[in-house]
Structures are given as C-alpha cells and as structure tokens.
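Trainee: Would you be able to build a 3D model of this:
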Amino acid sequence: MNMHRSKGIVIGFWVVTVLLCLQMGFTAYAQLSLPEVAQAIAELGFPDYFRKGLAWAKLIGVVVLLAPVPARLKEWAYAGFAFTLVSALIAHLAMGHGMERWIYAVVTGVLWGLSYFFWRRLQAPAVELRPATA
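Mentor: Now for the predicted structure:
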C-alpha cells in the first residue's frame, strides 16, 4: 500500500506553526521581560501574577506545538492559544483601544487558524494512491 501525504500540507503546517510559535514566544518573552508590556497588561485590569502565568503557559504551548507529543496535548495547546487570543481581543475592544492595539491578536489568530487547519489535515488518515486502471 502506497500512502501519500501532500507536501503542501506538511510545508504549510510547519510554516504557519513556526510563525505562530514565534509570535506567541515573543509575546511571552515580552510579558516576562519588558516593563512597558507589564504596564499595558496592568492597564487592561489584569494582575501581575496573571501576566506571569500567561507568559509561562504560552511558552509551554509553544513547546507542545513544536514537539512530537500526543495529539491530545496539541489540542489543549491550540485551545489555550484560542482562549488567549480571543480574550486579548475582547479585553482591548472593551477598553476602547484602536486597531493598532488589537490587530496583533487578530493576525496571530489567523496564524492560529491556519496552523490548526493544517494540523487537522495531517491528523486525517493518509490517502492511498492506486494506479489508474483502464
């Protein structure tokens, strides 16, 4: 049996997943290291311990998405990122911030959606290629 998985799906998955992980990893680093980011999160009404916990959760999620772990763990990482991105968007909109403050969550959400789409395609059973018969 010849099993085939589209190279486009594999490449698409890795490109958008690496970009997603870079985005999430950068925000985690910024939340842990940059005082202006800590201040911005405080202005949204979140306590300092939430900022730190969220940053570490993002870093764990990045590792889970990039590592060869069971599918269920990846599902949880994708779910956690979805909750984070939607919550960030809601928080910025509730504060009346302009697009320059919430567009990052939207762009990252698009990367999340593409990564999840490709990952689900990779989880589907591979297609068997059969020779054409006349």
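Trainee: where does the chain dip in pLDDT?
Mentor: Along the chain, the parts satisfying pLDDT under 70 run over 1-4, 126-134.
Trainee: The most centrally placed residue in it and residue 86, how far apart?
Mentor: Geometric centre of the chain, nearest residue: residue 112, 4.3 Å, by C-alpha atoms, centre = their mean. Going from residue 112 to residue 86 by C-beta to C-beta, to the nearest Å gives 10 Å. The way it works is simple: take the backbone N, C-alpha and C, and place the C-beta from them, glycine included.
Trainee: Would you mark the buried spots in stretch 53-61?
Mentor: 54-55, 57-59, 61 (16 or more other C-beta atoms under 10 Å).
Trainee: Only the buried residues of stretch 91-110, if you could.
Mentor: For stretch 91-110, by 16+ other C-beta under 10 Å, it's 91-92, 101-102, 104-105, 108-109.
Trainee: Now do that stretch: everything it contacts.
Mentor: Residues outside stretch 91-110 that contact it (C-beta atoms under 8 Å, 6 or more residues apart in numbering) are 20, 23-24, 43-46, 82, 85-86, 88-89.
Trainee: name the element the spatially closest residue to residue 73 that is not a sequence neighbour belongs to?
Mentor: With C-beta to C-beta, 6 or more residues apart in numbering as the criterion, residue 73 has its nearest non-adjacent residue at 5.3 Å, and that residue is residue 64. In the assignment (DSSP states H and E), residue 64 maps to helix 48-66.
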